[in-house]
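Engineer: the following comprises the amino acid sequence and a computationally predicted model.
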Amino acid sequence: MQKLTLNDRNRTSEDLLRQHNLKITIPRLKVLSSISEKETATSQPELEKILGDTIDRVTLYRVLNVFEEKGILHKILDLNGTAAYALCSEFCPEHLHQEEHVHFTCSSCNSIYCLNDVQIPEIAIPKGFKIHSVAINAVGICDKCK
């Protein structure tokens, strides 16, 4: 399982914000840094703990929303229905997430991993239907919990 970071994509947080026509602010940089350093998707409550008093809850909520709208982050629901966020691929367009990879949720620790190297099978759909994105969620025990 490979950690997905901004550096792996040869771009910095500032480059990513510029690419999406977003103002470079300390809260946005801190959120990107916190999420890109983790191997798993990160929930808003977890981000609040990581960031402490440096960003208030409303600002964090707004940053996460704009990042999701712009195609910087994608949202995954954990086993309890809590939203967690992970970096999108660089090919994810604004307002239309094309994160076609498997999400693995550990039923023991509730961590969510993006399995980017797992191929999604082709899906036959009825005539007249159009797929915008595919999401496959797998549940099991991660390597740290087994």
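Structural biologist: Received it, and whenever you're ready, just let me know what you need.
Engineer: what bits of this structure have low per-residue confidence?
Structural biologist: The chain contains residues with pLDDT under 70 at 1-11, 90-99.
Engineer: just the strands from it, written as ranges.
Structural biologist: Taking DSSP state E as the test, the strands found in the chain are 42-43, 73-77, 83-87, 102-106, 112-115, 136-140.
Engineer: wait, which of those strands is closest to residue 54?
Structural biologist: Nearest to residue 54, of all the strands of the chain, is strand 42-43, at 15.3 Å by Cβ to Cβ. Bear in mind the C-beta positions are built from the backbone N, C-alpha and C, glycine included.
Engineer: ok, the residue nearest to residue 59 when sequence neighbours are not counted - contacts?
Structural biologist: When the adjacent residues along the chain are set aside, residue 59 lies closest to residue 27, with 5.2 Å between them (Cβ to Cβ, 6 or more residues apart in numbering). The neighbours of residue 27, taking Cβ atoms under 8 Å, 6 or more residues apart in numbering as the test, are 54-55, 59-60, 63.
Engineer: how near is residue 105 to residue 141?
Structural biologist: Applying Cβ to Cβ, to the nearest Å, the value for residue 105 to residue 141 is 10 Å.
Engineer: and the two? Which one has more around it.
Structural biologist: residue 105 (22 against 12; other Cβ atoms under 10 Å).
Engineer: one step back: closest one to residue 12 among the strands of the chain?
Structural biologist: Comparing the strands of the chain against residue 12 with Cβ to Cβ, the closest turns out to be strand 83-87 (13.0 Å).
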